[in-house]
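Enquirer: Okay, here's the prediction I keep looking at, along with the sequence it came from:
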Amino acid sequence: MKTDDLIAALSNNVEPVDHRLVGRTVAIALGLALIAALGLVLAGLGVRADLTTPRAVTFLFLKLAFALGIVGAASVYLTRLARPGGERKISLGLAALPFGAIMLLAAISLGQAPSSHWDRMVMGDQWLECLISVPIIAIVPFAVVIWAVRKAAPTNLVQAGAFGGLVAGGVSAVAYALHCTDDSLPFVGLWYGGTIVLCTLAGAVLGPRLLRW
Amino acid sequence: MTTAENELKPLMLASQDGDAAAHRALLERLSRHLRAYYKSKLARTGRGAAEAEDLVQEAVLAIHLQRHTYDPAQPLTPWVHAVARYKLIDFLRRTRASRADVPIDEADDITAHDDHIGAESSFDLRRLLKQLPANMQCAIAAVKLDGLSVAEAAQRCDMSESSVKVSIHRGLKALAALIAGRTEP
């Protein structure tokens, strides 16, 4: 086939396209991901019982700020990565900022506590539950986010997959925070941060397989 | 900003708005740049002009299908370059070349040269079409090959107008996948 014939065929009845569709699809996926994650936590795990105490509310907000900070930055970058060449406009340092901030706060909090408390501050009561729950809750959000990116044309599949995982992990942490009763900064830094990084790595590995076009 | 960027971007904006003449002019101009780009990149890996033309058509089809992913707030050249390079890497990977063969290049490489000597690619649109489901075949043949309007195609294929549009889009995506898959070992 001649290229000119292909071009002539493609130029018959050209439909208008909406360049805002990519952003809208990612936004819709983000909404669906949040609903799925919150639904799973509310139905499966339940909200923490002590949510009326000021300490619980403070720590809930802290966890939400950390997780929502990740989701916010990561979804802006994911929208860029969904378009060809978007990888040129990504700052990995900025995406890592929430992780740096929580680690810093965790270090300060450990520094102020006697070392006999460290073990309990880092491991909490439910580190295993957190380690298992965050990745599991992230599965449906990850699928929804990948569906949205597949509607566009990412050209760096490892990065697009990684940021899909980061968004999904962040969304999952937002939902899990409603249930989790471990209130220490080192716990949030290690187990929330660690499981979200785990989701990011899984996304980077799966990206090239799931996003090829 | 280069002249190519200044001339191509308005064509892309008009094409996004559904201007068929601008769309055609855009694809014609870009196909010449793509041909020069792929010939020069493939020459370094010891491949010929026919393979370059396969890639040109893959990229033209990709640009057509993905034109909604171009953000008008950004320059067009890097977008085209990213699509062209993605298709090149994908091609080299599935033809089992090593990733190290992909030469380092920059966005401006894509519009640096112009090559209008169009060769024939190794695929035939009508033959590939036969591998698609009947509704996609009918919609693409009517609108894209025979130049009917969407309304006329809807009548000929006995489908609604919106399903004609959906069938064309999905069918062209399936064709692009067939083209990309055909060189797989």
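Expert: Cool, got the structure.
Enquirer: ok, which residues in chain A are in contact with chain B?
Expert: Those residues of chain A that sit near chain B, judged by CB under 8 Å from any CB of the partner chain, are A:1-19, A:21-22, A:82-88, A:152-153, A:155, A:212-213. C-beta here means a position set from N, CA and C on the backbone, and glycine is covered the same way.
Enquirer: buried residues in the helix or strand encompassing residue A:171?
Expert: For residue A:171, the enclosing helix or strand under DSSP states H and E is helix A:157-177. Using 16 or more other CB atoms under 10 Å in any protein chain shown as the test for burial, helix A:157-177 gives A:157-177.
Enquirer: repeat for stretch B:124-140
Expert: B:125, B:128, B:129, B:132, B:135, B:136, B:137, B:138, B:139, B:140.
Enquirer: which helices and strands does the helix ranked longest in chain A pack with?
Expert: Criterion DSSP state H: the longest helix present in chain A is helix A:54-81. On a contact count with 3 or more CB pairs under 8 Å, 6 or more residues apart in numbering or on different chains; DSSP states H and E, helix A:54-81 meets helix A:21-40, helix A:92-112, helix A:139-150, helix A:157-177.
Enquirer: Can you show me the strands along chain B?
Expert: Under the criterion DSSP state E, chain B contains no strands.
Enquirer: Can you pull the poorly scored residue ranges out of it?
Expert: Low-confidence segments of chain B (pLDDT under 70): B:1, B:96-104, B:116, B:118-119, B:182-185.
Enquirer: Residue A:17 is in contact with residue B:69, isn't it?
Expert: No. The criterion here is CB atoms under 8 Å, and residue A:17 misses it with residue B:69 at 9.0 Å.
Enquirer: And the nearest residue to residue A:63 once chain neighbours are set aside, how close does it get to residue A:37?
Expert: Excluding the flanking residues, the one nearest residue A:63 by CB to CB, 6 or more residues apart in numbering or on different chains is residue A:177, at 3.8 Å. Residue A:177 sits 11 Å away from residue A:37, going by CB to CB, to the nearest Å.
Enquirer: same thing with residue B:18?
Expert: 38 Å.
Enquirer: Neighbour count for those two, which is higher?
Expert: Legend: neighbour count by other CB atoms under 10 Å in any protein chain shown for residue B:18 and residue A:37, higher for residue A:37 (26 against 13).
Enquirer: In contact with the more buried one, which residues?
Expert: By CB atoms under 8 Å, 6 or more residues apart in numbering or on different chains, residue A:37 lies in contact with A:137, A:138, A:140, A:141, A:171, A:172, A:174, A:175, A:176.
Enquirer: quick one: pLDDT of the third one?
Expert: So that's residue A:140. According to the per-residue confidence, residue A:140 scores 97 in pLDDT.
Enquirer: Please apply the same query to the fifth one.
Expert: pLDDT for residue A:171: 97.
Enquirer: isn't it right next to residue A:72, touching?
Expert: No. Counting by CB under 8 Å, residue A:171 does not reach residue A:72; the two are 11.0 Å apart.
Enquirer: Does stretch B:38-52 reach chain A?
Expert: No. Taking CB under 8 Å from any CB as the criterion, stretch B:38-52 and chain A are apart, separated by no less than 10.5 Å.
Enquirer: Number of residues surrounding residue B:31?
Expert: Using other CB under 10 Å, the number of residues around residue B:31 comes to 23.
Enquirer: looking at it, it is touching residue B:60, isn't it?
Expert: Yes. Between residue B:31 and residue B:60 a contact is recorded at 5.5 Å, counting by CB under 8 Å.
Enquirer: list residues touching both of the two?
Expert: Common contacts of residue B:31 and residue B:60 (CB under 8 Å, 6+ apart): A:3, A:7.
Enquirer: Rounded mean pLDDT for stretch A:95-111, please.
Expert: Computed over stretch A:95-111, the average pLDDT equals 91.
Enquirer: which residues touch it?
Expert: Outside stretch A:95-111, the residues that touch it by CB under 8 Å, 6+ apart are A:66, A:69-70, A:73-74, A:77, A:118, A:121-122, A:163, A:166, A:184-186, A:188-190, A:192-193, A:196-197.
Enquirer: And the lowest-mean-pLDDT helix or strand in chain A, what does it pack against?
Expert: In chain A, no helix or strand scores lower on mean pLDDT, DSSP states H and E than helix A:118-123, which sits at a mean of 84. Counting contacts by 3+ CB pairs under 8 Å, 6+ apart, helix A:118-123 packs against helix A:92-112, helix A:185-187.
Enquirer: tell me the angle the first one makes with helix A:54-81.
Expert: Inter-element angle recorded for helix A:92-112 and helix A:54-81: 160 degrees (by axes from the mean of the first three to the mean of the last three CA atoms, to 10 degrees).
Enquirer: what comes up buried for helix A:92-112?
Expert: Judged by neighbour count (16+ other CB under 10 Å), helix A:92-112 contains these buried residues: A:95, A:98, A:99, A:102, A:103, A:105, A:106, A:109, A:110.
Enquirer: Now render the buried residues of stretch B:124-140 as a markdown table, adding distance to chain A.
Expert: Formatted as a markdown table, those follow (distance: CB to the nearest CB, whole Å):
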| residue | distance to chain A |
| --- | --- |
| B:125 | 5 |
| B:128 | 9 |
| B:129 | 10 |
| B:132 | 14 |
| B:135 | 17 |
| B:136 | 14 |
| B:137 | 14 |
| B:138 | 15 |
| B:139 | 11 |
| B:140 | 8 |
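Enquirer: Understood, closing this out.
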